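1. Fold the following and give me the result.
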Amino acid sequence: MEVEVKGEKVRKKGTDMDDFREILTLFSDKVPGLIKGVVNSFFSEDAARGMGKAAATYYQELKAGGLPDAVAVQMTQDYVQTFTKISEMFKSASRETRNKSQKD
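-> Numbering: from 1, shown residues only. Now for the predicted structure:
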């Protein structure tokens, strides 16, 4: 726990419960913004452009490696779906965090 003494923040020995409350407060203040930033990074114009380039490069490398077109296409679709699933997971977490903070 920090207290201000003569304009300076000083660490004061508190109870474990005080420390726990402080950690929860910091966590609840910071995590929603972090999740929102991650979600926005997945859905920005730059992220979409980067994902398109990554998928195209992935496909080209599979083809260059001698894989048949149908296999390369399926593997590329699976590759892109991995990013989609991750972004959906972050969106879901963001919604849950936002709903919880609105209830509090």
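
2. Secondary structure element holding Ala72?
-> helix 69-103 (DSSP states H and E).

3. what packs against that helix?
-> Secondary-structure packing of helix 69-103 (3 or more CB pairs under 8 Å, 6 or more residues apart in numbering; DSSP states H and E): helix 16-43, helix 45-64. No exception for glycine: its C-beta is placed from N, CA and C like everyone else's.

4. pLDDT of the longest one, averaged?
-> What it means is helix 16-43. The pLDDT scores in helix 16-43 average 76.

5. Packing partners of that helix?
-> By 3+ CB pairs under 8 Å, 6+ apart, helix 16-43 packs against helix 69-103.

6. Run the angle between the helix it packs on and helix 45-64 for me.
-> Put simply, helix 69-103 runs at 150 degrees to helix 45-64, going by axes from the mean of the first three to the mean of the last three CA atoms, to 10 degrees.

7. orientation of helix 69-103 relative to helix 16-43 in degrees?
-> Helix 69-103 and helix 16-43 are oriented at 140 degrees to each other (the same axes, to 10 degrees).

8. All set now, cheers.
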